[in-house]
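Participant: predicted model and sequence follow; I will ask about them next.
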Amino acid sequence: MTILRAKGLSKRFTGVVAVKDMDVSVGDGELLGLFGPNGAGKTTLFNLIAGTFFANTGQIDFMGHDVTRMPAFRRARLGIGRTFQVVRPFRALTVMENLLAAVPSMAAGKRNDADLAWELLGKIDLQCRARDSAGDLTLGMLKRLEVARALMLSPRLLLLDEPLAGLTGKESADLLLFLQTLRGQTSVIMVEHNVRLALPICDRAVVMDAGAVIADGAPDQIRRSPAVIRAYLGEDQE
Amino acid sequence: MSDTVMNPPAGSMSRGNRSDAIFIAGVIVVGAIAMAQPWLGVSSYFLTLIYYVAYYLALGQAWNLMSGLTGYVSFSHGALAGIGAYAVVLSLNGNLPMALALVVAAIATVAASLIIGATALRLRGTAFTFATLFFQELVLLLVRKLPFTGGSSGLILYQIIPVWIAYVMMVTVAVAATIAFALTRRSRLGIRMLAIKSDESAAAAIGIDSTRLKIILFCASAGIAGLVGAVHGIFVATLYPEVIFSVDLSIVALAVALIGGVGSAAGPIAGAIVYVGLREIVQVVAPGAHLVIIGLLLLGIILFLRDGIVPAVGRLVSRKGSRSSTSGRQS
């Protein structure tokens, strides 16, 4: 079952076309990798799906709802959670309060928020920092905190924007392991520059270049795609 | 990442609740002592000082509730209090009972706050601050022109209401506003408002409807400011628009919270005591220059104490505590 379907999405910023006529879909429980060189339009696509920006053209359907012109907070309540490329914790709040601030999505059902927050902090190894100010955490901890904060929504779709950026090898491996535990519970779209680490855990991958999709398929197909190799390594000049 | 899930930190969670309960109990006790003063033979000068501490404290808490929690700076709390004062005097002159007149004052202020809130709070950044400044001037202009407000000559309360009634009501409002702030700060609403203050886009990404919450909080804050103004209207009994709607009061509401500590329940208490104390001294030493002195004090606090007296004292105490525990371990 497809839970997100975007058709013909375009976004322009004063003369620059960041995303052009793009189609993308995500299946229920699927982990979709979104790759591409810098400036390919990956984060813009994220912002269009999350509702940070509105598309100039095109339509986004999420779980049967047309969310194209829906504000970000309504999309979150429908079940679209996200993290940011540059971490954005609520620095004035404690680690625990960062999680408790989230408004549960429609999919959340009856639950005890404090228990869920505590359980999530356990899963990301931050229970011992629950009462500390979020501003006192390291980058690796903040990345994990953002994932947990998005999971507090009980999202049906989780958008992870470069979750491994700035993490050590051990932290990256741990986070990827944690993300694999979400498989089947929630769909994930993950933007990541570290293709070598991220691609193996993806069910499917989409590669973007200059605002458009240049490849879409299973990880093995993506690795062998000439268009992807060209986008990453450049045209052969010989 | 860990798969083991320990039990929620029941003890640590209740530590915050316990300190809140102690703070609230302390506020109630001090409030009760302050309320008893008129029957303890205290001089009228001292009673007036306590009244003004309560007045600025209540107004500072009203400002703190909106601006301290959201970061949206309001310059309209003086005007909102003024609307409350006019509404209560008009209602009492129209022979409404006191309780009903206070309700009318609060409703009138909340309705007025919706004019700014429903428009300017949809925008981010400084639009709200400019709208509140504009509102302050607009209200003064309207009060001067409208026939039922007495124009430039103002309004007089025809009933003679004993001063101690206004005194007790103001202390009650100050205590209630302080408790309301302390409870809101710890509540899910308070956490979400502080999330908005930290990062409004990130708050939207976790489902927080920032516009709705800001409007709700601004209306609540305006309702408190309206009650404060209403009680002060009863206290002074004569309303001159230039005095009641002077921007000075909006600045004082902001200054009281800034001096004591924005976003903390104890901040405006310290701020109001320092402000009233300082004003009394300055009125003797340099009459008419109290706002200049307050301005300099604010500058000093921003430069040296960063976020107000209460957080600075808190840091000092925790530093001393950690130093003494270290030296205790060494010995």
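Facilitator: Sure thing, it's come through. Numbers count the residues shown, from 1 in each chain, chains lettered A, B, ... in the order given.
Participant: just give me the neighbour total for residue 128.
Facilitator: In the absence of a named chain, this looks at chain A. For A:Cys128, the count of nearby residues is 12 (other C-beta atoms under 10 Å in any protein chain shown). The C-beta positions use only the backbone N, C-alpha and C, and glycine is treated the same way.
Participant: that was the other one, I meant chain B.
Facilitator: Per other C-beta under 10 Å, the neighbour tally for B:Phe128 reads 27.
Participant: any idea how far it is from B:Leu291?
Facilitator: 23 Å (C-beta to C-beta, to the nearest Å).
Participant: the residue nearest to B:Pro241 when sequence neighbours are not counted and chain A, how far apart?
Facilitator: In space, and not counting its chain neighbours, B:Pro241 is closest to B:Val143: 4.6 Å by C-beta to C-beta, 6 or more residues apart in numbering or on different chains. Distance of B:Val143 to chain A, given as C-beta to the nearest C-beta, to the nearest Å: 37 Å.
Participant: correct me, but B:Val143 touches B:Ser153?
Facilitator: No: counting by C-beta atoms under 8 Å, B:Val143 stays clear of B:Ser153, with 11.2 Å between them.
Participant: quick one: secondary structure of whichever residue of chain A sits closest to chain B?
Facilitator: Closest contact between chain A and chain B, by C-beta to the nearest C-beta, is at A:Val103 (3.3 Å). Under the three-state scheme (DSSP: H, G, I helix; E, B strand; the rest coil), A:Val103 adopts coil.
Participant: need the contact list for the residue lying closest to it once chain neighbours are set aside.
Facilitator: Spatial nearest neighbour of A:Val103, chain neighbours left out: B:Gly207 (3.3 Å); criterion: C-beta to C-beta, 6+ apart. Contacts for B:Gly207 (C-beta atoms under 8 Å, 6 or more residues apart in numbering or on different chains) come out as A:Phe73, A:Ala76, A:Arg77, A:Ala102, A:Val103, A:Pro104, A:Ser105, A:Leu153.
Participant: just the pLDDT for the last one.
Facilitator: If you check A:Leu153, the pLDDT there is 93.
Participant: could you tell me how many residues sit around it?
Facilitator: Neighbour tally, A:Leu153, other C-beta under 10 Å: 27.
Participant: work out for me the element it sits within.
Facilitator: For A:Leu153, there is no host helix or strand (DSSP states H and E).
Participant: wait, it sits on A:Ala108?
Facilitator: Yes: with contact defined as C-beta under 8 Å, A:Leu153 counts as touching A:Ala108 (7.1 Å).
Participant: quick one: what helix or strand has the residue nearest to B:Pro241 in it?
Facilitator: Applying DSSP H and E as the criterion places B:Val143 in helix B:127-145.
Participant: put the alpha carbons of that helix into CSV.
Facilitator: The C-alpha coordinates for helix B:127-145 follow below in CSV (Å, rounded to 0.1, in the frame of the first residue of the first chain):
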residue,chain,number,x,y,z
ALA,B,127,5.3,42.1,13.5
PHE,B,128,3.6,41.4,16.8
THR,B,129,5.8,43.9,18.8
PHE,B,130,5.0,46.6,16.3
ALA,B,131,1.3,45.8,16.3
THR,B,132,1.3,46.1,20.1
LEU,B,133,3.0,49.5,20.0
PHE,B,134,0.5,50.6,17.4
PHE,B,135,-2.4,49.2,19.5
GLN,B,136,-1.2,51.2,22.6
GLU,B,137,-1.4,54.5,20.6
LEU,B,138,-4.7,53.5,18.9
VAL,B,139,-6.4,52.8,22.2
LEU,B,140,-5.3,56.2,23.6
LEU,B,141,-6.6,58.0,20.5
LEU,B,142,-10.0,56.1,20.7
VAL,B,143,-10.4,56.8,24.4
ARG,B,144,-9.8,60.5,23.8
LYS,B,145,-12.4,60.6,21.0
